[in-house]
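Asks: Return a 3D structure for these sequence lines:
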Amino acid sequence: MGESIDGSPSAARRAQPDEMAESEETGGFFRRVLGIFNPQDETEETVAAASLAGGAVPGMGNLHNMAVEDVAIPKAEIVAVPVDIGIDDLVQVFRESGMTRLPVYEGTLDTPLGMVHLKDFALRHGFNGKGTPFALRRMLRQVLYVPPSMPIGVLLQKMQAERRHMALVIDEYGGVDGLVTIEDLIEQVVGQIEDEHDTEDDALWTEEAPGCYVALAKTPLDMFEAEIGLSLTEAEEVDEEEIDTLGGLVFMLLGRVPVRGEVIEHPAGPVIEVLEADPRRIKRVRVRLRTPENG
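Replies: Down below sits the predicted model:
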């Protein structure tokens, strides 16, 4: 997420500040990954199980089986800033988003200029945004521009070779369709990467109100059914032998990974709302039981 940027993708391909240290670290990690994982380890059973959970099973096979569009963050969810943003507003976006890299655009996101790195900003202006005169254009770094159909293995090699950690997905009309980072690609091989800023919640679900639960998609169905006193796998639409988590239940009811905010009515009565999801998996849902308290 150069000195002179004119607003076109070709201009963003010109020389930018060096990212050698980050590239060497990522490159070494990528080489270790290549030495550990083997696509033959992925059986049909594990792939099918992962599909029911709303995502692909991690492994080297994903590097050639998956395309950029399968892992990219949708355009609507991209956190980006205009090139004329004020210094205080930029600090606020960094603080609220928790991102260290932000795409920068001119006018609209379909006219990307590059990205700004929190490290570059902090070195020039301090972490509180004070220091030398603010000039966002002078801090822009290059991003890659890739088609949605590119295999993620090709993009990972390209990112490593060109020392880029962010790519924008460009549609057939030249507009921005999504965003992908090098971490998104590596996660398809090694699984979810948690950092020190990711919160760990031991509770699989919490009861917001009587008959209303917020639960992680990985919540085992048998445990949740025992909690609510209702079977969610007896309906004809549900094959209990195929699923064992709430995320798998939602995926089976819809036949696809839902989008955030989508609401699914279970045949047994509960209403399931998707609170958090990305193009690859379901993360968190709200389950409302039909009770006198919530109608």
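Asks: Okay, helices next: where are they in the stretch 151-295 of the chain?
Replies: Remark: helices assigned in the stretch 151-295 of the chain by DSSP state H, counting those that start in this stretch are 152-162, 182-190, 221-228, 246-254.
Asks: What is the neighbour count of the residue nearest to residue 143 when sequence neighbours are not counted?
Replies: Using Cβ to Cβ, 6 or more residues apart in numbering and skipping the chain neighbours, the partner closest in space to residue 143 is residue 166 (4.7 Å). In this view, the C-beta of every residue, glycine as well, is placed from N, C-alpha and C. Using other Cβ atoms under 10 Å, residue 166 is surrounded by 22 other residues.
Asks: Identify each buried residue in the lengthiest strand in the chain, please.
Replies: Criterion DSSP state E: the longest strand present in the chain is strand 108-117. By neighbour count with 16 or more other Cβ atoms under 10 Å, strand 108-117 contains the buried residues 109, 110, 111, 112, 113, 114, 115, 116, 117.
Asks: so what secondary structure elements neighbour it?
Replies: helix 9-12, strand 101-106, strand 176-181 (3 or more Cβ pairs under 8 Å, 6 or more residues apart in numbering; DSSP states H and E).
Asks: Mean pLDDT and distance to residue 214 for those - can I get that in CSV?
Replies: Below are the helices and strands packed on strand 108-117 laid out as CSV (pLDDT from 0 to 100; distance: least, Cβ to Cβ, whole Å):
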stretch, mean pLDDT, distance to residue 214
helix 9-12, 41, 41
strand 101-106, 94, 29
strand 176-181, 92, 27
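Asks: need these in JSON lines with mean neighbour count and distance to residue 249, can you?
Replies: Shown next, in JSON lines, are the helices and strands packed on strand 108-117 (neighbours: other Cβ atoms under 10 Å; distance: least, Cβ to Cβ, whole Å):
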{"stretch": "helix 9-12", "mean neighbour count": "16", "distance to residue 249": "42"}
{"stretch": "strand 101-106", "mean neighbour count": "21", "distance to residue 249": "35"}
{"stretch": "strand 176-181", "mean neighbour count": "22", "distance to residue 249": "27"}
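Asks: Can you tell me how far residue 65 is from residue 153?
Replies: Going from residue 65 to residue 153 by Cβ to Cβ, to the nearest Å gives 9 Å.
Asks: where does the stretch 51-200 of the chain dip in pLDDT?
Replies: For the stretch 51-200 of the chain, the stretches with pLDDT under 70 are 51-62, 64, 127-131, 191-200.
Asks: And stretch 226-234, what's buried?
Replies: Quick answer for stretch 226-234 (16+ other Cβ under 10 Å): 228, 230, 232, 233.
Asks: Narrow those residues to those in strands?
Replies: Among these, no member lies in strands (by DSSP E).
Asks: tell me which of those residues is nearest to residue 214?
Replies: Closest to residue 214 out of the buried residues of stretch 226-234 is residue 228 (13.0 Å), distances taken as Cβ to Cβ.
Asks: Now that closest one: closest residue in space, sequence neighbours ignored.
Replies: Nearest one to residue 228, counting by Cβ to Cβ, 6+ apart, is residue 289 at 6.0 Å.
Asks: before we move on, back to that, send the alpha carbons of the longest strand of the chain over as PDB?
Replies: Extracted in PDB, the C-alpha atoms of strand 108-117 (Å, rounded to 0.1, in the frame of the first residue of the first chain):
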ATOM      1  CA  THR A 108      -9.800   8.900  -8.200                       C
ATOM      2  CA  LEU A 109      -8.300   5.600  -7.500                       C
ATOM      3  CA  ASP A 110      -8.400   4.800 -11.200                       C
ATOM      4  CA  THR A 111      -5.500   7.200 -11.600                       C
ATOM      5  CA  PRO A 112      -2.900   5.700  -9.200                       C
ATOM      6  CA  LEU A 113       0.400   7.400  -8.700                       C
ATOM      7  CA  GLY A 114       2.200   4.900  -6.400                       C
ATOM      8  CA  MET A 115       2.200   4.300  -2.700                       C
ATOM      9  CA  VAL A 116       3.500   6.000   0.400                       C
ATOM     10  CA  HIS A 117       5.300   4.000   3.100                       C
END
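Asks: so it versus strand 176-181, what angle?
Replies: Interaxial angle of strand 108-117 relative to strand 176-181 (axes from the mean of the first three to the mean of the last three Cα atoms, to 10 degrees): 20 degrees.
Asks: and strand 108-117 with strand 101-106, angle?
Replies: Per the same axes, to 10 degrees, the angle that strand 108-117 makes with strand 101-106 is 140 degrees.
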